[in-house]
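Student: can't give you the sequence, but here's the structure:
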């Protein structure tokens, strides 16, 4: 296997399925979470800029 080894015995799709079930059970909108595919690039969402407080 060219240096690769199994780190766990769970199927590859188990964690994403468990996350989807937990999101549903919590009543959250599914679009609040996403599972990236191996090697998939993503840019983080922009962070709103805070206005400095007057002293």
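Tutor: Received, thanks. Since we're looking at a predicted model, the values are computed, not measured.
Student: where does residue 12 fall, phi/psi-wise?
Tutor: The phi/psi pair for residue 12 (degrees, to the nearest 10) reads phi -60, psi -30.
Student: Tell me where this structure has helices.
Tutor: For the chain, the helices defined by DSSP state H occupy 14-26.
Student: where does it dip in pLDDT?
Tutor: Residues of the chain meeting the criterion pLDDT under 70: 1-3.
Student: start to end distance for stretch 4-15?
Tutor: Using CA to CA, to the nearest Å, the end-to-end distance of stretch 4-15 comes to 20 Å.
Student: can you list the residues that contact that stretch?
Tutor: Residues from elsewhere that reach stretch 4-15 (CB atoms under 8 Å, 6 or more residues apart in numbering): residue 35. C-beta: built from backbone N, CA, C; applies to glycine.
Student: try 7 Å
Tutor: Applying CB atoms under 7 Å, 6 or more residues apart in numbering, the set of residues contacting stretch 4-15 from outside is empty.
Student: And that stretch, how far out from the chain middle?
Tutor: 17 Å (CA atoms, centre = their mean, to the nearest Å).
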